[in-house]
Each structure stands twice: as structure tokens, then as C-alpha cells.
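Asks: Prediction below, plus the sequence it came from.
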Amino acid sequence: MTMTRAQSQLLIKASPWLFTIGLVVFWEAVVRVFKIPTFFLPPPSLIAQAFAEFAGPIARNSWITLETTLIGFGLAVGFGLLLGLVVGWSRAIYAGLYPLMIGFNAIPKVALVPILVLWFGIGFIPAVLTAFLISFFPIVVNVATGLATIEPELEDVLKALGASKLDIMRKVGIPRTLPYFFGSLKVAITLAFVGSVISESVASNYGIGNLMLQAQAQFQVPLIFAGLVALAVEGIVMYALMAMLEKRMTRWAQRSGFGQN
Amino acid sequence: MSAFVSLRDVSHAYAGAGSALAVDGLSIDVAEGEFAAVVGPSGCGKSTLMKLATGLQFPQGGTVTVAGERVTHPVKIAGMAFQAPTLLPWRTTLDNLLLPLEIVEPYRSEMRRRKREFAARAETLLGSVGLSGQGGRFPWELSGGMQQRASLCRALIHEPKLLMLDEPFGALDAFTREELWGVIRDLHASRKITVILVTHDLREAVFLADRVFVMSARPGRVLVERHIELPRPRDLEVTFTTQFQDIVHELRAHIVKARQ
Ligand SMILES: Nc1ncnc2c1ncn2[C@@H]1O[C@H](COP(=O)(O)OP(=O)(O)OP(=O)(O)O)[C@@H](O)[C@H]1O
Ligand SMILES: [Mg+2]
């Protein structure tokens, strides 16, 4: 049986929903058929119940986590873009900073939380900073890579006009780097969630991370999973926003049809 | 009178000292207002010559002077059409044409005020190469030949005193090409600019140039310098005369020899 173009388009549109529903049904079935204890793996129906029961706290804490993440992410975007431009500006700075950044990136950020707590006390600030620290690295690397891989031909076009280095940066460097930058935002926003939740579950009285920790202490397993689902939803929504932004801002870089059909 | 563009005994290697030379012992003088054409086998260093003359590359040996000054940084009076169209893919064709005006003075400081006028000028220029109405499209929405013509317009828009054209008509059909010969010929005649044209098309070289330089195989240097005495203004009809074809044949023989 062959499909028309419209049908296959519809299938592609529907396919994420179908897969999600499939997973939920499969999960529910496995738990019931194998009689898995709910304190070990609660079925989706029970998680949904927990969602309804604790809608208030989940909403409140989701909001706090989102806020924390977005502020940390915002800092990472600003700082990452700036540092990326600086690093991409000169080979010497690039060579000097690169090993430092690699080293810094290799540090598990959860190990930094105690230090941040020592400096700022528990709560909001360490969570924002953890989100920031964990998410700025991909932005810096991508922006610097974008600048480092400018085609010499395009640079020559500007040079032949007598353009200064700043001109070249503005007219070629930055536009050429935007696809790399927007591409890195998708990775960075997801990492920012990881950072804020880590910090919340170690050193805060608020946020989804903290909510899950408390649920664990009280052995409310469905609530833990409800927290996970809330995080996943926030993550998907923010990722989708970043992907949309990327698509809108860098249309010229996405003209290849590769992977579109 | 000293030459407007002058390369003296220039040698250059891309990978630095000690590596294979792209050009060696290259000397060429082009007077102000002259139309020079450079021909030679592929890979002999013609594009390198263009980059050396505009300060995009600096020679390992010898000297390059333009307008009486030693070239130590990219020269600002040149308009250059590269062998590849090199249009910026994130700008529309029209915005690509406006790029030189955003960089070169005095246009640069007037850009804000005269943007509309400049855009109109770019449109006119596009029209003169058969691209009217295409300014709003992105370069990657244009054919190879259309991109080349747009790139030619970009080299012209800031009315440079020195025009460097590296195989600007390579991807064009014979008719469009001959049409553009006329455009370049008229431009050269009316504005008295200096033009250096690299081409593989000997008819093109003879039709347009005052002098044709034949380069040797790599490492390139000038083998033959041929004055073209055909009277100006030249009409396309001149390409069918025996005098014209004799010159073409003569140059062809030189290149055949250069390739061996
Ligand atoms: N960026 C570069 N890096 C290293 N070598 C180069 C570079 N550009 C050119 N060359 C070398 O220098 C030599 C001359 O190249 P050039 O581009 O000047 O040739 P050309 O005469 O313009 O050839 P064509 O007619 O095919 O355009 C070639 O052998 C080429 O391999
Ligand atoms: Mg070339």
C-alpha cells in the first residue's frame, strides 16, 4: 500500500504523539501484567493521579525551576556569546583559553554546588549559578567554532574592500556564526535544566528538584515520577522554542533538503 | 609615467617559505586607465596575481605597488570579482551589492541617509547585467551564472578606480558573455578606470584588452606581452575580422607552448 504525499505528511505530524501514547500504554501494560509493585515503578495512571492530587505544589515548583533555569540560561547566553566572540577573535586567546575551558567543562558541576552554597547560602542563587555554569560551555565552543571556520573567500571579499577586523567580524563573522549559536541554544537549555535541578535537590527548599527529594523522603513514589514528567514537559517546551528560534533566525543555513524526507 | 599597478620580480608560495612557488619572477606593469588581460594555463598563478595586486596576499620576494604606494595591506581603491561568486548567503542579492557601500568611504558614512538612492543604484546595475527584479532573492536561489553577474555588480557598485576581474564570465553562455563584454567595455571607456581581467577565453581577452599577458605554467611568470592595436571603440563585429583572429591564433600558440 502506498501513501499519498498528504498522508505521509500527516503521519510525520502525528508520529510523535503516537509514539508517546504508545510508550504510556506499554508502560501501563507492563506494570499491570507483571504486577510490578507501585513503589518500585508506578503506572502512568497512578502518576496522573499524583499530578491531580499535588497540582498546586507541582505547578508552583515547576514555575520556580523554570525561572531559575531561564535566568541561568540567560546569563549563559550573554556570557557564552561574549566569551565565544573573544575566543574566536584571536588565535592567541583561543590557544590560551581552550585548555582552561576544557578543564572546567570536565568538572562535574554537582561538585561545585557545595562551594556555591558556601559562598551564597542555599536556595535560589546556587541553582541559577549551577544552571549557568553547566550551560555556557556549548555556547562558547559553538560561537568560537563558527568564527574559526569562516571561509577565507568570504573574508577576502571584505578585506578587498579595505574592511577592518571589526568590520569583518560584524559583516561576516557574526552572521556566519549565528547558526552555530542558535544550534547551541538547544543543547544549553537542556543542560540548564540539569544544572538547576541538581542544585535544587542538593541545596534548596524550592523547585522540582527539591519537591522530588521530599517526595522520596516520604516514599511518595508516584509524586517523584510526576516531578520527572513535569521536568520533561518543561524541557521539551523550551527545546522546541529554541529550535523554532533557530529555524526563524537562520533560514539561509537550512536550505539543504538533507533529512527532510 | 610610472605604472598604476606594478609587480616587480614577485615570487609567492602559499604555504610559506621553502614550499612550492605559485608564482616566481613575475613582473607586470599596468598603466592608469589601461585594460590588461591575463591568460595562461590553469593553476599557473593568475588568481594569485590578482590577490597579490590587491594586498590579499603578500609576496615572499619582489615588490608590489599600486597607485604609487607599496602594498602592505589590502588596497582600498579596488573592486574585485573573484573567480567564485562568494556572495554572502545570509544577505539578499541586493544587500550583497550594497556591502561595499557599507565598508568603503565616503559611502559608508552616507549609508543611512542615502540608503534608498544606493538601493536604486544597485537595482540599475542589476538591470544592466540582465538581473532586474532579482535583488530580493537570496544568492543560493540564483543560478551559477546569475550569481557571477551579481558578483560582478558588487565589484562595480562603489565605482572603484581599479577593477580586478577573475574569470567573471566563466559560467555564462556565449550570448550573455558577449553582452557583458559590451557592459565592461563601455564602463572602461566612460569611467577611465584601470581593469585587470583574468580569463581563459582568448577572444574575450583580445576584444577587451589594450594588452594581453601570457603566463607560463606554474610557477607563473609573464612569457609574452601582446599589444592589441585594434582601434576603439570596438564593436563585436571586430571579432570576425582576420586581424582579430590572427591575434587570437598567435596567443593560442603561446599558451600551447606554455603548457608544455
Ligand atoms: N590558498 C591556497 N593554498 C595553497 N595553494 C594555493 C592556494 N591558492 C592557490 N594555490 C596554488 O597556487 C597555484 C596557483 O593558483 P592560482 O589559483 O593562482 O591559479 P590560476 O592561474 O588562477 O588557475 P585557474 O586558471 O585554474 O583559476 C596553484 O598551483 C595552486 O595549487
Ligand atoms: Mg584562478
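Replies: Yep, that arrived. Ligands and ions are numbered 1, 2, ... in the order given.
Asks: List the buried residues for stretch B:26-33?
Replies: Across stretch B:26-33, burial judged by 16 or more other CB atoms under 10 Å in any protein chain shown covers B:26, B:28, B:29, B:30, B:31. Any C-beta I mention is one placed from the backbone N, CA and C, and that applies to glycine too.
Asks: And stretch B:212-230, by the same measure?
Replies: B:212-224, B:226, B:228, B:230.
Asks: Likewise for stretch A:73-81?
Replies: Across stretch A:73-81, burial judged by 16+ other CB under 10 Å covers A:73, A:75, A:76, A:77, A:79, A:80, A:81.
Asks: export those residues to a markdown table and tack on secondary structure?
Replies: Shown next, in a markdown table, are the buried residues of stretch A:73-81 (DSSP: H, G, I helix; E, B strand; the rest coil):
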| residue | secondary structure |
| --- | --- |
| A:73 | helix |
| A:75 | helix |
| A:76 | helix |
| A:77 | helix |
| A:79 | helix |
| A:80 | helix |
| A:81 | helix |
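Asks: Pipe those residues into TSV and attach pLDDT per row.
Replies: Shown next, in TSV, are the buried residues of stretch A:73-81 (pLDDT from 0 to 100):
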residue	pLDDT
A:73	96
A:75	97
A:76	96
A:77	96
A:79	95
A:80	94
A:81	93
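Asks: Identify the farthest-apart pair in those.
Replies: Distances among these were taken as CB to CB; the most separated pair is A:73 and A:81, at 12.2 Å.
Asks: wait, what's in contact with the nearest residue to residue A:24 once chain neighbours are set aside?
Replies: Spatial nearest neighbour of residue A:24, chain neighbours left out: residue A:44 (4.8 Å); criterion: CB to CB, 6 or more residues apart in numbering or on different chains. For residue A:44, the contact set (CB atoms under 8 Å, 6 or more residues apart in numbering or on different chains) comprises A:24, A:27, A:28.
Asks: The second one sits in which helix or strand?
Replies: Spelled out, that is residue A:27. In this structure, residue A:27 sits in helix A:5-33 according to DSSP states H and E.
Asks: same for that helix, what does it pack against?
Replies: helix A:44-53 (3 or more CB pairs under 8 Å, 6 or more residues apart in numbering or on different chains; DSSP states H and E).
Asks: Sort out which residues of the helix it packs on are buried, please.
Replies: Buried-residue list, helix A:44-53, by 16+ other CB under 10 Å: A:44, A:46, A:47, A:48, A:50, A:51.
Asks: from these, which is closest to ligand 2?
Replies: Using CB to the ion, residue A:44 is the member of the buried residues of helix A:44-53 that sits closest to ligand 2, with 65.0 Å.
Asks: And the pLDDT for residue A:2?
Replies: Residue A:2 is assigned 67 on the pLDDT scale.
Asks: which sections of the chain are below the confidence cut-off?
Replies: Going with chain A. A:1-3, A:256-261 (pLDDT under 70).
Asks: To clarify, I was referring to chain B.
Replies: B:1.
Asks: Around ligand 2, pick out the residues from it.
Replies: Counting by CB under 5 Å from the ion, chain B comes close to ligand 2 at B:46, B:47, B:83.
Asks: any idea which of those has the most stuff around it?
Replies: The most neighbours of any of the residues of chain B next to ligand 2, using other CB atoms under 10 Å in any protein chain shown, belong to residue B:46, which has 25 neighbours.
Asks: Pick out the residue nearest the middle of chain A.
Replies: residue A:190 (1.6 Å; CA atoms, centre = their mean).
Asks: Quick one: classify that residue as helix, strand or coil.
Replies: helix.
Asks: now residue A:37
Replies: Three-state assignment for residue A:37 (three-state DSSP): coil.
Asks: Any figure for the gap between it and residue A:212?
Replies: 19 Å (CB to CB, to the nearest Å).
Asks: For the two, indicate the residue with more neighbours.
Replies: residue A:212 (23 against 9).
Asks: For my notes, confirm that one occurs in a strand.
Replies: No: with three-state DSSP as the criterion, residue A:212 is located in helix rather than a strand.
Asks: Next one: it from residue A:229, what distance?
Replies: Counting by CB to CB, the separation of residue A:212 from residue A:229 is 11 Å.
Asks: what do you get for residue A:71?
Replies: From residue A:71 across to residue A:229, the span is 23 Å (CB to CB).
Asks: okay, these two: which has more neighbours?
Replies: residue A:71 (19 against 16).
Asks: hang on, the more buried one in a strand?
Replies: No: assessed with three-state DSSP, residue A:71 is helix; it does not lie in a strand.
Asks: Would you pull up the residue in chain A closest to ligand 2?
Replies: For chain A, CB to the ion, closest residue to ligand 2: residue A:153, 12.0 Å.
Asks: thinking residue B:28 is in contact with residue B:223, fair?
Replies: No: using CB atoms under 8 Å, residue B:28 is not in contact with residue B:223, being 11.5 Å away.
Asks: before we move on, the earlier item: now, the buried residues of stretch B:26-33 that are in helices?
Replies: In helices, judged by DSSP state H, none of the buried residues of stretch B:26-33 are found.
Asks: if I look at residue A:144, how far off is residue B:16?
Replies: 25 Å.
Asks: Quick one: the strands in chain B, in order.
Replies: Secondary structure of chain B (DSSP state E): strands at B:5-12, B:23-30, B:35-39, B:61-66, B:69-70, B:78-81, B:162-166, B:194-198, B:211-215, B:222-227.
Asks: I'd like these as TSV, with distance to residue A:95 appended.
Replies: Below are the strands of chain B laid out as TSV (distance: least, CB to CB, whole Å):
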stretch	distance to residue A:95
strand B:5-12	27
strand B:23-30	32
strand B:35-39	39
strand B:61-66	30
strand B:69-70	32
strand B:78-81	32
strand B:162-166	34
strand B:194-198	37
strand B:211-215	39
strand B:222-227	41
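Asks: Just want the angle from the helix or strand where residue A:236 lies to helix A:5-33.
Replies: In this structure, residue A:236 sits in helix A:221-249 according to DSSP H and E. If you take axes from the mean of the first three to the mean of the last three CA atoms, to 10 degrees, helix A:221-249 sits at 160 degrees to helix A:5-33.
Asks: Of all residues in the stretch 101-250 of chain A, which one is closest to ligand 1?
Replies: Residue of the stretch 101-250 of chain A nearest ligand 1, by CB to the nearest ligand atom: residue A:152 (7.2 Å).
Asks: need the contact list for that residue.
Replies: With contact set as CB under 8 Å, 6+ apart, residue A:152 has no partners.
Asks: any idea how far it is from residue A:188?
Replies: On the measure of CB to CB, residue A:152 and residue A:188 end up 29 Å apart.
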